[in-house]
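Q: what follows is a predicted structure for the sequence shown.
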Amino acid sequence: MTPRTPPRHIACIMDGNGRWAQHRGLERTHGHMAARASFEAILDSALEEKVEWLTLFTFSTENWSRPEEEVSFLVRFLAQHVIGREAQRMHKRGVRLRLLGGEDPRLPAEAVDRLREAEELTRDNTALQLSLAFNYGGRQDLCEAARSLAARDIPAEQITTEVFARHMQLPELPDVDLLLRTGGEYRLSNFLLWHSAYAELVFLDVLWPDFRASHFRHAMELYHQRRRRFGNLGETDAADAYDRGDGTDAVSAAGAVGAADSVTVGARTSPPGPRALLGLPTAIASQLGTTLRDGLRETARFALHQLTTESTKPERASRLS
């Protein structure tokens, strides 16, 4: 079997810590503590799948609106008990830590120092680029890029998407291929808005503290089932283009598929097999499916009529006798 190319950049919104704790009658902070195993699971899985970039949404600019006690615990726990204790392990496994986010005077100096130390320790590693979105907001990232461009007096006609990207907080951060979110919510929450323009989105019902390698593999499987076209026409879109008057290759393409999968017996050619049917363009497959559905419906009606007719014959016979 041909090995599948892993997504280059996976981003994750780690949601559900508070609800996980509340469902167990615990304080919300217990959910953050329980999520340490989930951090290890996604890190190990990304390394195993040879993903180049992994970005984790650890603390957003909107999280400052939470109770002060929870914010203080979350920031210190992340810096000291997650990154601090994992720094040596990540370093040995070739993980490079990068911080993505703005500075803020409300961040404890010791927590920031611990994160910067881990960043410096792992600077030369190349197995996995782990970027932590810490005190990060997607809109803020865009605003800071715009300010940077304005400060340098770059002419408007020279501002392209490539130039704009070079002025963002982490210029080397590539576009997101797979963005997954735990916790059963269906939104981006101001996370990597620029980089997620063509990301495949996967939303999982599992709460983040319960996230394990099996959930990561499930998200990867869903990703590999997607067809990434980036605005172009895929193979099965050819018939749709024909229906709109944009092309004339759909029928000939379908014929080529059928011919490749048909079997010749004597002077006859048998109908195309399942492989050919799966390869049909969308419009043809849709028409075929509708025809089959209507045929099955009529067959069912005929069978029901016959059964009803047969069931009334004995009753008529008994009346005549």
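A: Received it, and whenever you're ready, just let me know what you need.

Q: for the rest of this, base every contact and every neighbour count on C-alpha atoms.
A: Will do.

Q: mind saving the C-alpha coords of stretch 213-233 as CSV?
A: Coordinates of each C-alpha in stretch 213-233 appear next as CSV, following Å, rounded to 0.1, in the frame of the first residue of the first chain:
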residue,chain,number,x,y,z
ALA,A,213,-3.6,8.7,20.3
SER,A,214,-6.7,6.9,19.0
HIS,A,215,-8.5,10.3,18.5
PHE,A,216,-5.5,11.7,16.7
ARG,A,217,-5.5,8.7,14.3
HIS,A,218,-9.2,9.2,13.7
ALA,A,219,-8.6,12.9,12.8
MET,A,220,-5.8,11.8,10.5
GLU,A,221,-8.1,9.3,8.8
LEU,A,222,-10.7,11.9,8.2
TYR,A,223,-8.1,14.2,6.8
HIS,A,224,-6.9,11.6,4.3
GLN,A,225,-10.5,11.1,3.1
ARG,A,226,-10.8,14.7,2.1
ARG,A,227,-10.1,16.0,-1.4
ARG,A,228,-8.0,19.1,-1.2
ARG,A,229,-8.5,21.2,-4.4
PHE,A,230,-7.5,24.7,-3.3
GLY,A,231,-10.1,26.3,-5.7
ASN,A,232,-9.2,24.0,-8.6
LEU,A,233,-11.4,21.4,-10.3
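
Q: and the contacts of it?
A: Residues outside stretch 213-233 that contact it (Cα atoms under 8 Å, 6 or more residues apart in numbering) are 4, 41, 42, 45, 178, 180, 198, 200, 202.

Q: so which of those is the most crowded?
A: Scoring the contacts of stretch 213-233 on neighbours with other Cα atoms under 10 Å, the highest-scoring entry is residue 178 at 24 neighbours.

Q: you'd agree that one is up against residue 199?
A: Yes - shown here, residue 178 and residue 199 form a contact pair, counting by Cα atoms under 8 Å, at 5.3 Å.

Q: where exactly do the helices run in the stretch 151-300 of the chain?
A: Remark: helices assigned in the stretch 151-300 of the chain by DSSP state H, counting those that start in this stretch are 161-165, 213-225, 238-243, 250-261, 274-278, 282-320.

Q: hang on, the earlier thing: what's the most distant pair in the contacts of stretch 213-233?
A: Pairwise distances across the contacts of stretch 213-233 (Cα to Cα) peak at 25.6 Å, for the pair 41 and 198.
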